[in-house]
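A.B. asks: mind looking at a prediction? Sequence and model below.
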Amino acid sequence: MAIIKPNNNTLSAITSLPAGAGGKILQVVTFEKSSNSSTTNTSYTDTGLTVDITPSSTSSKIFVIANLCSARTGSTNQQACNSFYNLVRGSTELTATRLNYYDAEDNTNREVDGVLTLTNLDEPNTTSATTYKCQMKAGGANITTQINQTTSNTPNSSITVMEIAG
Amino acid sequence: MIIEAILEINPNAVVTVDGNDINTCEITWHNGTTPISKADIEAKIAEMPTEEEKRTAREEERTARENLKASAKAKLIAGEPLTEEEANTIVL
């Protein structure tokens, strides 16, 4: 009987993939949210977009994509509005972005909507369940920060994580 | 709409709202903000303009401002006096 020994190793001696064999997507987890989340808090607050993944190997990478629909910053009395959105693993911030609006005119209601996408290629170095989530905060007093703001269309914000073989 | 109603009642409220429905949404009050009852918020929502009405109002506001600017420009060219409202549109 022929015995195949990759690179002349016994199977039990192989502890990692050979060079060039990584990069395959091992699992995908996604979560969608269509209801509105809004805050006036100037400290980061959960948007409700949360997903858990348990990596199969410590060498795996986790690619995170968060799509925030109808993200809005607005105010009735601040000429400059800005809102911040971030992506965190546990309590570790991976990336962040800002939605900004400046109104040179003397409007009474100031607001701007947009679609924001946050991505990150994370290396959590764990095989424990890991939580990724999106948060948001107002850039100052009297500023409202939202996702899924509109009710006339159906917004669908989402967060997706993919485990990629290391 | 829920958070807008809360801010109509208390413009300085520091609050987070999760959900579209006043009966089922989760409201978290921050920084010692005094909670407002859902009944009061619901009553305020009923008084407030809809998104469509707000959009229309913003359009009307913008059109009125553009008309004032146009009027101010025409009067300046013609050497006519401006109203204070017209002057406000061109004073930096």
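C.D. replies: Ah, there it is.
A.B. asks: residue ranges with poor pLDDT in the chain?
C.D. replies: Let's take chain A. A:1-12, A:14-21, A:104-109, A:151-153 (pLDDT under 70).
A.B. asks: actually it's chain B I care about, not the one you picked
C.D. replies: For chain B, the stretches flagged by pLDDT under 70 are B:92.
A.B. asks: ok, now how distant is B:Ser71 from chain A?
C.D. replies: 16 Å (C-beta to the nearest C-beta, to the nearest Å). Heads up, the C-betas are built off the backbone N, CA and C, glycines and all.
A.B. asks: is that residue in a helix, a strand, or coil?
C.D. replies: Assigned with DSSP: H, G, I helix; E, B strand; the rest coil, B:Ser71 falls in the helix class.
A.B. asks: what is the burial count for it?
C.D. replies: Neighbour count for B:Ser71, taken as other C-beta atoms under 10 Å in any protein chain shown: 16.
A.B. asks: once you drop chain neighbours, what's closest to it?
C.D. replies: What sits nearest to B:Ser71 in space, not counting adjacent residues and going by C-beta to C-beta, 6 or more residues apart in numbering or on different chains, is B:Glu86, at 5.6 Å.
A.B. asks: next one: stretch B:53-63 to chain centre, how far?
C.D. replies: Remark: stretch B:53-63 is offset 10 Å from the chain centroid, using C-alpha atoms, centre = their mean, to the nearest Å.
A.B. asks: got the buried residues for the top strand by length along chain A?
C.D. replies: For chain A, the longest strand by residue count, based on DSSP state E, is strand A:61-75. Using 16 or more other C-beta atoms under 10 Å in any protein chain shown as the test for burial, strand A:61-75 gives A:61-62, A:64, A:66-75.
A.B. asks: I'd like those laid out as CSV, including distance to A:Tyr132.
C.D. replies: Listed next are those as CSV, based on distance: C-beta to C-beta, whole Å:
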residue, distance to A:Tyr132
A:Lys61, 13
A:Ile62, 7
A:Val64, 5
A:Ala66, 8
A:Asn67, 13
A:Leu68, 14
A:Cys69, 18
A:Ser70, 21
A:Ala71, 18
A:Arg72, 23
A:Thr73, 23
A:Gly74, 27
A:Ser75, 30
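A.B. asks: can I get those residues in CSV including distance to chain B?
C.D. replies: Putting the buried residues of strand A:61-75 into CSV (distance: C-beta to the nearest C-beta, whole Å) gives the following:
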residue, distance to chain B
A:Lys61, 31
A:Ile62, 25
A:Val64, 21
A:Ala66, 16
A:Asn67, 18
A:Leu68, 14
A:Cys69, 14
A:Ser70, 11
A:Ala71, 14
A:Arg72, 10
A:Thr73, 13
A:Gly74, 9
A:Ser75, 9
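A.B. asks: ok, now which ones touch the closest residue to B:Pro35 other than its chain neighbours?
C.D. replies: Once flanking residues are discounted, B:Pro35 sits nearest to B:Trp29: 5.0 Å by C-beta to C-beta, 6+ apart. Applying C-beta atoms under 8 Å, 6 or more residues apart in numbering or on different chains, we find B:Trp29 in contact with B:13-15, B:35.
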